[in-house]
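> Structure here, sequence nowhere to be found:
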């Protein structure tokens, strides 16, 4: 969860020190912004330094999110921007000062958790330059020393603590580079690291330890629609299948042992369109459904320390809503008021207090706690908004349109302030995944387009998006990929019906799979857009599948189809934006990280070379020190300045 939110945070947070560092690169004589040596800039005209001041307030805000509670003291670790990237801070009471603990200039951290009995240290993950080869580290609070626990080369998952706090279990690609085997280590002694079980496939992930620390609950992920749960013996590595491998393929996601060890709570879509929270009894092999009254996907959950309550976050029409349930009956415990925008829930050990992060269209994100006995809510962080009054920021409108096959689609529309009259230009921003979902969070820098330029922002959730049932999720799989492309064509038709939107001034943008959809739109509907911005998007699903990191290939083939099958390969080649690049007639801006293992730079570069033959403007921004997205503040800033310049030149003129 932290990786997904830190990507959103990386787009919207900033800090004054990083801003001042960036200003140092502005040349006084010519008053142009000078990109850093780490940036490759092609086709982008000089950007006036005056733009920095123009957008300044929209680049100086920051948010915060809870990472972990201390096991014996009422204090927490949070993530917040300070310097070039998000850092780990300690907060000792609600509203208290943020004490910075990490000082990395390279990448943000993830997988942060205190040692669960004494809290003398915590563990975290970090990669280098966006290569996604995450390493696990130990941070000793007394000395501030940081010790690497893993091999420094492979990709390693977040560590899951044993109940005694003497070991963590994690997955690693160390053995083959593709398979995610299970390892166990005592973080206080890296020499104890041992292979628990060699496995086949890139989707194995430890979820929880049994109360007696003799078994480990592990998920085998095949695709977003298919996964299985296993129990591994800690002493021998022997595994036992918990969930059946039958024709009723189901998804099993978040899972935890019940306090007595006689079963597990797990989120699954088995026998349902939506993901429900169930209790799975080991003795009877029966499921007891606890959230039938919530007709939406359960997003995440966590049992309370005493085992009596379940904190549940449900994804309700795109809004994340907190529920408290009786762990036996599933009956709701009244909260006093509905809590939307909740994510990253953490029970404080030996306490009725639940920590969580929260954001909204008017709130950039902060850490909170809820006393579940009294329903008292306390805010632990008060993040800056760059001097902006966000209380008047627009709330999104939930929109609906019908696609080519009459299937209903939905999304969120942010409309500019009423002082902007007439039909407004539109930026369509398509989420990645493709199994992702846009949710109405704080837009950060993007609020500049709304509030200062009067541009409407539209975020569609087309077929294949999560949150709308497993049937909807599967509608774009394999040979049905083009149906998702047509959803955007239908959205462009819908824009024409809106008296407040200008169908002649439309830009499309997106990241990862969203970037792929941008390239698709630029080739299929060039006469209906003004311009396009693609960030780390595949230009050909065949070459993408061939060159994405080995541990990702089989997982992605389930979604897109197996390019090694001649029929599938021919289909993917036919629909590839790269092979239709001659149809691109509108300006294109491409953003890429050089170290991206998910969507290699070759996907962007081959598209750029093809489109330049058309004689249309092509801007290219590549960061040598980034991977799948920009995480460093100076890089984010230059990208934002270039984006504003692109929008002004090609959407608004």
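Perfect, thanks for sending it. Just so you know, these numbers come straight off a predicted model, no measurement behind them.
> Which residues are in contact with residue 330?
Residues near residue 330 by Cβ atoms under 8 Å, 6 or more residues apart in numbering: 277, 289, 290, 291, 292, 293. Bear in mind the C-beta positions are built from the backbone N, C-alpha and C, glycine included.
> if I look at the second one, how far off is residue 242?
Relative to residue 242, residue 289 is positioned 17 Å away (criterion: Cβ to Cβ, to the nearest Å).
> still on that earlier bit, now the contacts of residue 330 as CSV including distance to residue 564 and secondary structure?
Shown next, in CSV, are the contacts of residue 330 (distance: Cβ to Cβ, whole Å; DSSP: H, G, I helix; E, B strand; the rest coil):
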residue, distance to residue 564, secondary structure
277, 38, strand
289, 40, strand
290, 42, coil
291, 40, coil
292, 42, coil
293, 45, coil
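> Any quick ChimeraX command for the buried ones out of those residues?
Applied in ChimeraX, the following selects the buried portion of the contacts of residue 330 according to 16 or more other Cβ atoms under 10 Å:
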select :277,290,291
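> And the contacts of residue 330, which is closest to residue 467?
Taking Cβ to Cβ as the measure, residue 467 lies nearest residue 291 of those, at 14.8 Å.
> Would you agree the closest one is in contact with residue 325?
Yes - the pair residue 291 / residue 325 is scored as a contact, 7.2 Å apart, by Cβ atoms under 8 Å.
> Find residues that contact each of those two.
In contact with both residue 291 and residue 325: 277, 312, using Cβ under 8 Å, 6+ apart.
> Leaving out the residues flanking it, which one is nearest to residue 131?
residue 595 (4.8 Å; Cβ to Cβ, 6 or more residues apart in numbering).
> the longest strand in this protein is where?
strand 501-511 (DSSP state E).
> Please identify the buried residues of that strand?
501, 502, 503, 505, 506, 507, 508, 509, 510, 511.
> sorry, back to before: TSV for the contacts of residue 330, including distance to residue 101?
Compiled in TSV, the contacts of residue 330 are given as follows (distance: Cβ to Cβ, whole Å):
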residue	distance to residue 101
277	34
289	42
290	37
291	37
292	43
293	42
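> Distance across stretch 167-176, terminal residue to terminal residue?
One end of stretch 167-176 to the other measures 24 Å (Cα to Cα, to the nearest Å).
> In terms of helices and strands, where is residue 521?
helix 513-524 (DSSP states H and E).
> right, and the helix or strand after that helix?
Next in sequence after helix 513-524, counting helices and strands by DSSP H and E, comes strand 531-535.
> so what secondary structure elements neighbour that next one?
Applying 3 or more Cβ pairs under 8 Å, 6 or more residues apart in numbering; DSSP states H and E, one finds that strand 531-535 contacts strand 501-511, helix 513-524, strand 588-593, helix 633-646.
> for the record, mean pLDDT for it?
Taken as a whole, strand 531-535 carries a mean pLDDT of 97.
> swap in stretch 303-311?
Per-residue scores along stretch 303-311 average to 96.
> Could you do stretch 473-483 as well?
Stretch 473-483 comes out with an average pLDDT of 94.
> what's in contact with that stretch?
Against stretch 473-483 from outside (Cβ under 8 Å, 6+ apart): 224-225, 403-405, 407, 434-435, 462-466, 484, 541, 558-561, 568, 571-572, 575.
> longest helix of the chain?
Ranked by number of residues, the top helix in the chain under DSSP state H is helix 481-497.
> List the buried residues of that helix.
Those would be 481, 483, 484, 485, 487, 488, 489, 490, 491, 492, 494, 495, for helix 481-497 by 16+ other Cβ under 10 Å.
> just stretch 134-153 next, same as before
Result for stretch 134-153 [16+ other Cβ under 10 Å]: buried residues 134, 135, 136, 137, 138, 139, 149, 150, 151.
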